[in-house]
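Novice: I would like to see how this sequence folds:
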Amino acid sequence: MSRKEWAAGLFLALTVVSSAAAFLAGPLVPWAPFRIGYTEYRSVKAVLIMPSTTLPPVPLDRLDALIGEVEAQTGLWLESPVRIVVAGSWGLFNRGALLGLSSSVGEHTGRTLPTGTVVYLSPLASQPGQEAANALKHEITHAVLFQQMSLARSMAFAKLEWLSEGLAAYIATGSLGGWEVEWSRMAIAEAYLYPVTRDAGFEAITEADRSRFVRETRRQFVRYLMTRYGADAFYLFLDRVLAEPDQQAAAFRDTFGVTPDEADAAFMREVEAGTWPFQALAFPAPAFPAPAGFLP
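Specialist: The predicted structure is shown next:
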(Lines give C-alpha, C1' and ligand atoms only; values in the text may rest on other atoms or scores of the structure.)
Protein backbone atom coordinates (compact mmCIF):
# COMPACT_ATOMS: atom_id res chain seq x y z
CA MET A 1 0.00 0.00 0.00
CA SER A 2 1.42 3.35 -1.00
CA ARG A 3 1.81 6.21 1.45
CA LYS A 4 -0.92 8.10 -0.41
CA GLU A 5 -3.35 5.18 -0.14
CA TRP A 6 -2.47 4.72 3.55
CA ALA A 7 -3.14 8.42 4.25
CA ALA A 8 -6.47 8.27 2.37
CA GLY A 9 -7.49 5.17 4.35
CA LEU A 10 -6.55 6.81 7.64
CA PHE A 11 -8.50 9.92 6.72
CA LEU A 12 -11.55 7.81 5.85
CA ALA A 13 -11.31 5.87 9.12
CA LEU A 14 -11.04 9.06 11.15
CA THR A 15 -14.01 10.51 9.30
CA VAL A 16 -16.12 7.46 10.04
CA VAL A 17 -15.11 7.41 13.71
CA SER A 18 -15.71 11.15 14.21
CA SER A 19 -19.04 10.97 12.39
CA ALA A 20 -20.12 8.05 14.56
CA ALA A 21 -19.11 9.94 17.70
CA ALA A 22 -21.03 13.01 16.56
CA PHE A 23 -24.01 10.79 15.76
CA LEU A 24 -24.03 9.21 19.19
CA ALA A 25 -23.33 12.43 21.10
CA GLY A 26 -25.49 14.68 18.95
CA PRO A 27 -29.23 14.98 18.41
CA LEU A 28 -29.85 11.26 18.96
CA VAL A 29 -28.68 11.13 22.58
CA PRO A 30 -32.22 10.11 23.69
CA TRP A 31 -31.93 6.91 21.64
CA ALA A 32 -28.17 6.38 21.52
CA PRO A 33 -27.14 2.89 22.69
CA PHE A 34 -24.22 4.37 24.64
CA ARG A 35 -24.42 7.61 26.63
CA ILE A 36 -20.97 8.11 28.09
CA GLY A 37 -21.20 10.36 31.13
CA TYR A 38 -25.02 10.37 31.16
CA THR A 39 -27.43 8.57 33.50
CA GLU A 40 -31.03 7.60 32.74
CA TYR A 41 -33.89 7.78 35.24
CA ARG A 42 -37.41 6.54 34.46
CA SER A 43 -40.76 7.59 35.83
CA VAL A 44 -44.26 6.71 34.67
CA LYS A 45 -44.54 9.60 32.20
CA ALA A 46 -40.94 10.53 31.46
CA VAL A 47 -37.39 9.36 30.87
CA LEU A 48 -34.84 11.77 32.33
CA ILE A 49 -31.37 11.66 30.73
CA MET A 50 -28.74 13.84 32.37
CA PRO A 51 -25.01 14.12 33.06
CA SER A 52 -24.01 11.70 35.80
CA THR A 53 -22.35 14.52 37.75
CA THR A 54 -25.39 16.82 37.64
CA LEU A 55 -28.23 16.93 40.14
CA PRO A 56 -31.76 16.46 38.71
CA PRO A 57 -33.39 19.80 37.75
CA VAL A 58 -36.33 18.87 39.98
CA PRO A 59 -36.73 16.06 42.53
CA LEU A 60 -37.46 12.88 40.58
CA ASP A 61 -40.62 12.19 42.56
CA ARG A 62 -41.99 15.55 41.37
CA LEU A 63 -41.48 14.91 37.67
CA ASP A 64 -44.75 13.07 37.06
CA ALA A 65 -46.58 15.56 39.26
CA LEU A 66 -45.37 18.48 37.13
CA ILE A 67 -46.47 16.69 33.98
CA GLY A 68 -49.82 15.96 35.61
CA GLU A 69 -50.29 19.66 36.38
CA VAL A 70 -49.80 20.54 32.70
CA GLU A 71 -52.16 17.78 31.59
CA ALA A 72 -54.84 18.89 34.04
CA GLN A 73 -54.62 22.52 33.01
CA THR A 74 -54.75 21.85 29.27
CA GLY A 75 -57.19 18.95 29.50
CA LEU A 76 -54.81 17.02 27.22
CA TRP A 77 -52.62 14.03 27.98
CA LEU A 78 -49.25 12.72 26.93
CA GLU A 79 -49.81 9.81 24.59
CA SER A 80 -46.18 8.68 24.89
CA PRO A 81 -43.62 9.19 27.67
CA VAL A 82 -41.46 12.24 27.03
CA ARG A 83 -37.67 11.98 27.04
CA ILE A 84 -36.08 14.90 28.86
CA VAL A 85 -32.40 15.47 28.12
CA VAL A 86 -30.52 17.78 30.48
CA ALA A 87 -27.72 18.86 28.14
CA GLY A 88 -24.27 18.92 29.66
CA SER A 89 -23.00 21.53 27.21
CA TRP A 90 -24.33 24.25 24.92
CA GLY A 91 -22.98 22.36 21.92
CA LEU A 92 -25.09 19.30 22.75
CA PHE A 93 -28.12 21.46 23.47
CA ASN A 94 -27.87 23.32 20.15
CA ARG A 95 -27.37 20.09 18.20
CA GLY A 96 -30.05 18.14 20.03
CA ALA A 97 -32.60 20.94 19.92
CA LEU A 98 -31.82 21.40 16.21
CA LEU A 99 -30.94 25.06 16.75
CA GLY A 100 -27.70 24.85 14.76
CA LEU A 101 -25.73 28.07 14.99
CA SER A 102 -28.80 30.24 15.54
CA SER A 103 -28.76 29.92 19.32
CA SER A 104 -26.29 31.88 21.40
CA VAL A 105 -25.10 30.69 24.79
CA GLY A 106 -27.57 31.66 27.50
CA GLU A 107 -30.46 32.38 25.13
CA HIS A 108 -32.71 29.36 25.82
CA THR A 109 -33.54 27.33 28.91
CA GLY A 110 -35.22 24.58 26.91
CA ARG A 111 -36.51 23.35 23.60
CA THR A 112 -39.09 20.72 22.60
CA LEU A 113 -38.87 18.85 19.31
CA PRO A 114 -42.07 19.03 17.21
CA THR A 115 -42.70 15.31 17.73
CA GLY A 116 -43.53 16.16 21.34
CA THR A 117 -41.51 13.19 22.56
CA VAL A 118 -38.15 14.85 23.30
CA VAL A 119 -37.39 17.86 25.49
CA TYR A 120 -33.93 19.39 25.80
CA LEU A 121 -33.03 21.53 28.81
CA SER A 122 -30.00 23.74 28.33
CA PRO A 123 -27.22 24.20 30.90
CA LEU A 124 -28.96 27.46 31.82
CA ALA A 125 -31.88 25.54 33.35
CA SER A 126 -29.53 23.90 35.88
CA GLN A 127 -27.83 27.08 37.05
CA PRO A 128 -28.51 28.40 40.58
CA GLY A 129 -31.41 30.82 40.70
CA GLN A 130 -33.16 29.35 37.67
CA GLU A 131 -36.70 28.05 38.08
CA ALA A 132 -36.08 24.59 36.66
CA ALA A 133 -39.64 23.48 37.47
CA ASN A 134 -41.03 26.38 35.43
CA ALA A 135 -38.69 25.60 32.54
CA LEU A 136 -39.86 21.99 32.62
CA LYS A 137 -43.55 22.92 32.73
CA HIS A 138 -43.02 25.31 29.82
CA GLU A 139 -41.46 22.59 27.66
CA ILE A 140 -43.89 19.88 28.82
CA THR A 141 -46.73 22.14 27.68
CA HIS A 142 -45.21 22.11 24.20
CA ALA A 143 -44.79 18.34 24.37
CA VAL A 144 -48.40 17.72 25.42
CA LEU A 145 -49.73 19.95 22.62
CA PHE A 146 -47.40 18.54 19.95
CA GLN A 147 -48.40 14.98 20.81
CA GLN A 148 -52.00 15.79 19.84
CA MET A 149 -50.97 16.64 16.26
CA SER A 150 -49.22 15.28 13.23
CA LEU A 151 -45.66 16.48 12.67
CA ALA A 152 -46.81 18.87 9.93
CA ARG A 153 -49.48 20.41 12.16
CA SER A 154 -47.03 20.66 15.08
CA MET A 155 -44.60 22.64 12.94
CA ALA A 156 -47.41 24.91 11.73
CA PHE A 157 -48.66 25.41 15.29
CA ALA A 158 -45.16 26.25 16.56
CA LYS A 159 -45.09 29.18 14.11
CA LEU A 160 -48.04 30.72 15.97
CA GLU A 161 -45.63 31.89 18.61
CA TRP A 162 -47.99 34.24 20.41
CA LEU A 163 -50.19 31.22 21.16
CA SER A 164 -47.73 28.35 21.51
CA GLU A 165 -45.17 30.31 23.54
CA GLY A 166 -47.73 32.45 25.35
CA LEU A 167 -49.67 29.46 26.63
CA ALA A 168 -46.51 27.60 27.65
CA ALA A 169 -45.30 30.67 29.57
CA TYR A 170 -48.72 31.11 31.20
CA ILE A 171 -48.91 27.50 32.37
CA ALA A 172 -45.30 27.57 33.57
CA THR A 173 -45.71 30.65 35.75
CA GLY A 174 -49.43 30.75 36.51
CA SER A 175 -51.67 33.80 36.45
CA LEU A 176 -49.02 35.95 38.14
CA GLY A 177 -45.63 36.05 36.50
CA GLY A 178 -44.03 38.39 39.05
CA TRP A 179 -42.90 40.87 36.43
CA GLU A 180 -46.07 42.89 35.84
CA VAL A 181 -44.85 46.28 37.12
CA GLU A 182 -41.65 46.34 35.08
CA TRP A 183 -43.38 44.89 32.01
CA SER A 184 -46.08 47.57 32.20
CA ARG A 185 -43.48 50.31 32.54
CA MET A 186 -41.58 49.08 29.51
CA ALA A 187 -44.78 48.65 27.50
CA ILE A 188 -45.83 52.26 28.14
CA ALA A 189 -42.78 54.37 29.00
CA GLU A 190 -40.49 52.63 26.52
CA ALA A 191 -43.31 52.25 23.95
CA TYR A 192 -42.39 48.58 23.52
CA LEU A 193 -45.95 47.27 23.13
CA TYR A 194 -46.64 45.77 19.71
CA PRO A 195 -49.46 43.80 17.96
CA VAL A 196 -49.10 40.44 19.69
CA THR A 197 -50.97 38.17 17.29
CA ARG A 198 -49.09 39.48 14.29
CA ASP A 199 -45.70 39.21 16.00
CA ALA A 200 -44.87 42.40 14.16
CA GLY A 201 -43.09 45.50 15.39
CA PHE A 202 -41.09 44.03 18.25
CA GLU A 203 -37.87 44.70 16.34
CA ALA A 204 -37.98 48.19 17.88
CA ILE A 205 -37.38 46.68 21.32
CA THR A 206 -33.75 46.82 22.35
CA GLU A 207 -31.95 43.52 21.98
CA ALA A 208 -31.22 43.32 25.71
CA ASP A 209 -34.93 43.51 26.57
CA ARG A 210 -36.49 41.78 23.58
CA SER A 211 -36.55 38.12 24.58
CA ARG A 212 -37.96 38.67 28.06
CA PHE A 213 -40.42 41.39 27.05
CA VAL A 214 -41.79 39.45 24.09
CA ARG A 215 -42.19 36.31 26.20
CA GLU A 216 -44.07 38.22 28.90
CA THR A 217 -46.25 40.04 26.35
CA ARG A 218 -47.38 36.75 24.86
CA ARG A 219 -48.10 35.38 28.33
CA GLN A 220 -50.07 38.48 29.28
CA PHE A 221 -52.16 38.30 26.09
CA VAL A 222 -53.08 34.65 26.73
CA ARG A 223 -54.01 35.58 30.29
CA TYR A 224 -56.02 38.51 28.95
CA LEU A 225 -58.10 36.26 26.66
CA MET A 226 -58.71 33.80 29.50
CA THR A 227 -59.80 36.60 31.84
CA ARG A 228 -62.06 38.35 29.36
CA TYR A 229 -63.73 35.26 27.90
CA GLY A 230 -63.05 32.50 30.40
CA ALA A 231 -60.70 29.54 30.28
CA ASP A 232 -63.34 27.29 28.70
CA ALA A 233 -63.64 29.55 25.68
CA PHE A 234 -59.88 29.84 25.37
CA TYR A 235 -59.38 26.08 25.39
CA LEU A 236 -62.22 25.65 22.89
CA PHE A 237 -60.25 27.99 20.63
CA LEU A 238 -57.07 26.02 21.31
CA ASP A 239 -58.74 22.74 20.35
CA ARG A 240 -59.74 24.19 17.00
CA VAL A 241 -56.26 25.51 16.35
CA LEU A 242 -54.67 22.17 17.21
CA ALA A 243 -56.93 20.57 14.59
CA GLU A 244 -56.32 23.26 11.95
CA PRO A 245 -53.40 25.59 12.76
CA ASP A 246 -53.72 27.39 9.45
CA GLN A 247 -57.30 28.40 10.34
CA GLN A 248 -56.42 30.09 13.62
CA ALA A 249 -57.75 33.51 12.55
CA ALA A 250 -61.17 32.07 11.75
CA ALA A 251 -61.17 30.06 14.98
CA PHE A 252 -60.27 33.22 16.92
CA ARG A 253 -63.13 35.21 15.36
CA ASP A 254 -65.68 32.42 15.80
CA THR A 255 -64.75 31.82 19.45
CA PHE A 256 -64.16 35.34 20.74
CA GLY A 257 -66.39 37.33 18.39
CA VAL A 258 -63.58 39.65 17.28
CA THR A 259 -60.64 39.41 14.92
CA PRO A 260 -57.11 38.98 16.26
CA ASP A 261 -56.36 42.58 15.24
CA GLU A 262 -59.38 43.88 17.18
CA ALA A 263 -58.35 41.90 20.25
CA ASP A 264 -54.81 43.25 19.88
CA ALA A 265 -56.15 46.82 19.80
CA ALA A 266 -58.35 46.28 22.87
CA PHE A 267 -55.44 44.70 24.76
CA MET A 268 -53.13 47.59 23.89
CA ARG A 269 -55.71 50.17 24.96
CA GLU A 270 -56.07 48.57 28.37
CA VAL A 271 -52.33 48.28 28.86
CA GLU A 272 -51.81 51.92 27.91
CA ALA A 273 -54.68 53.00 30.19
CA GLY A 274 -53.08 51.13 33.09
CA THR A 275 -56.09 48.85 33.58
CA TRP A 276 -54.19 45.74 32.51
CA PRO A 277 -52.72 43.75 34.16
CA PHE A 278 -53.25 45.39 37.56
CA GLN A 279 -57.06 45.47 37.54
CA ALA A 280 -57.49 42.29 35.54
CA LEU A 281 -59.93 40.74 37.99
CA ALA A 282 -61.94 43.91 38.66
CA PHE A 283 -63.87 44.01 35.39
CA PRO A 284 -67.37 42.54 35.51
CA ALA A 285 -67.70 42.08 31.74
CA PRO A 286 -65.52 41.51 28.65
CA ALA A 287 -64.00 44.62 27.08
CA PHE A 288 -65.49 43.65 23.70
CA PRO A 289 -68.63 41.71 22.72
CA ALA A 290 -68.74 38.00 23.52
CA PRO A 291 -69.64 35.63 20.68
CA ALA A 292 -73.29 34.67 20.28
CA GLY A 293 -74.29 31.84 22.60
CA PHE A 294 -71.32 32.26 24.92
CA LEU A 295 -71.90 33.24 28.53
CA PRO A 296 -68.76 34.66 30.21
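Novice: what secondary structure does residue 120 sit in?
Specialist: At residue 120, secondary structure determined by DSSP: H, G, I helix; E, B strand; the rest coil is strand.
Novice: Could you give the number of residues near it?
Specialist: The tally of other residues near residue 120 (other CB atoms under 10 Å) stands at 29. In this view, the C-beta of every residue, glycine as well, is placed from N, C-alpha and C.
Novice: which residues does it contact?
Specialist: 84-85, 87, 93, 96-97, 110-113 (CB atoms under 8 Å, 6 or more residues apart in numbering).
Novice: List the residues that contact residue 193.
Specialist: Here residue 193 is in contact with 187, 217, 268, 271-272 (criterion: CB under 8 Å, 6+ apart).
Novice: Which two of these have the greatest separation?
Specialist: 217 and 272 (13.2 Å; CB to CB).
Novice: Spell out which residues are contacts of both of those two.
Specialist: Between them, residue 217 and residue 272 share these contacting residues under CB under 8 Å, 6+ apart: 187, 193.
Novice: Out of the contacts of residue 193, which end up buried?
Specialist: 187, 217, 268, 271 (16 or more other CB atoms under 10 Å).
Novice: So which of those residues is the closest to residue 62?
Specialist: residue 217 (29.6 Å).
Novice: The closest one falls within a helix, correct?
Specialist: Yes: under three-state DSSP, residue 217 sits within a helix.
Novice: Return the residues in contact with it.
Specialist: Taking CB under 8 Å, 6+ apart, we find residue 217 in contact with 183, 187, 193-194, 196, 202.
Novice: can we see that at 10 Å?
Specialist: 162, 166, 169, 183, 186-187, 192-194, 196, 199, 202, 205, 267, 271 (CB atoms under 10 Å, 6 or more residues apart in numbering).
Novice: ok, so of these, who is nearest residue 57?
Specialist: Nearest to residue 57, judged by CB to CB, of the contacts of residue 217 is residue 169 at 17.8 Å.
Novice: Appreciated, that's everything.
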